[in-house]
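Novice: this is the structure alone, sequence omitted:
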């Protein structure tokens, strides 16, 4: 086994150890729900960055130049990761404000307001992606009164937040056909609703 093979194995083992963190999160942290696609994406990103570090150590003898290259790899890694996670570049999404008698929140203009309904006396509200077909494929956000709703009843929940006495829960059924873009969009819309949710 030559030196480069050893480096590749070392990077692969390091990536596997890092991925134990989200694997642990999937089993023990409420609302943490990485899919196989999430793990594959993270593995490719981490392996690419790690292998880049190894190449920098092998190919660049000047310490200053090597540090600059490694710093650049870290910056590119973080930029791509954050951009794909929350979409920081050029967010030109137009939002509309949904105003109820006791609270308000914002959703993208192309999402549909589901309206308020009461299920066994508990307020249910939210929004869905217009691209959906009624089965949460393209994304849905539910809003529920915390005083009378248990998150355990939110089957298929992916992200959950509690704010001002309400649960705000994101759903998307990747197994049923949600694309990575729709998943990312739903996560972003969930965060937008959490950030803009205001009780009057």
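Specialist: Everything's here; your move. Just so we're clear, the structure is a prediction, and the values are computed from it rather than from any experiment. Residues are numbered from 1 along each chain as shown.
Novice: only C-alpha atoms from now on, for both contacts and neighbour counts.
Specialist: OK.
Novice: name the residues of the helix or strand containing residue 41 that are buried.
Specialist: Element membership of residue 41 [criterion: DSSP states H and E] is helix 36-59. Neighbour-count burial for helix 36-59 flags 42-43, 45-54, 56-57 (criterion: 16 or more other Cα atoms under 10 Å).
Novice: okay if I get the residues you listed as CSV plus distance to residue 67?
Specialist: Below are the buried residues of helix 36-59 laid out as CSV (distance: Cα to Cα, whole Å):
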residue, distance to residue 67
42, 24
43, 23
45, 20
46, 18
47, 19
48, 17
49, 14
50, 14
51, 15
52, 12
53, 10
54, 12
56, 9
57, 9
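Novice: can I get these in JSON lines including pLDDT and distance to residue 107?
Specialist: Output for those, formatted as JSON lines (pLDDT from 0 to 100; distance: Cα to Cα, whole Å):
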{"residue": "42", "pLDDT": "86", "distance to residue 107": "28"}
{"residue": "43", "pLDDT": "89", "distance to residue 107": "32"}
{"residue": "45", "pLDDT": "90", "distance to residue 107": "31"}
{"residue": "46", "pLDDT": "91", "distance to residue 107": "33"}
{"residue": "47", "pLDDT": "93", "distance to residue 107": "36"}
{"residue": "48", "pLDDT": "92", "distance to residue 107": "36"}
{"residue": "49", "pLDDT": "92", "distance to residue 107": "35"}
{"residue": "50", "pLDDT": "91", "distance to residue 107": "38"}
{"residue": "51", "pLDDT": "92", "distance to residue 107": "40"}
{"residue": "52", "pLDDT": "91", "distance to residue 107": "40"}
{"residue": "53", "pLDDT": "91", "distance to residue 107": "41"}
{"residue": "54", "pLDDT": "90", "distance to residue 107": "44"}
{"residue": "56", "pLDDT": "89", "distance to residue 107": "44"}
{"residue": "57", "pLDDT": "86", "distance to residue 107": "47"}
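Novice: which among those residues gets closest to residue 22?
Specialist: Distance ranking of the buried residues of helix 36-59 against residue 22, using Cα to Cα, places residue 42 first at 9.9 Å.
Novice: tell me who's in contact with that closest one.
Specialist: Listed by Cα atoms under 8 Å, 6 or more residues apart in numbering, the contact set of residue 42 reads residue 19.
Novice: distance of it relative to residue 15?
Specialist: Between residue 42 and residue 15 the computed distance is 9 Å (Cα to Cα, to the nearest Å).
Novice: quote the end-to-end distance of stretch 101-118.
Specialist: 15 Å.
Novice: buried residues, it. List them.
Specialist: Applying a neighbour-count criterion of 16+ other Cα under 10 Å, one finds 105, 106, 107, 108, 111, 113 buried in stretch 101-118.
Novice: could you work out the most separated pair of the residues you listed?
Specialist: Across the buried residues of stretch 101-118, the longest distance by Cα to Cα is 12.7 Å; it joins 105 and 111.
Novice: phi, psi of the residue lying closest to residue 103 once chain neighbours are set aside?
Specialist: The shortest distance from residue 103 to any non-neighbouring residue, by Cα to Cα, 6 or more residues apart in numbering, is to residue 199 (4.2 Å). Phi and psi for residue 199, reported as degrees, to the nearest 10, are phi -90, psi 130.
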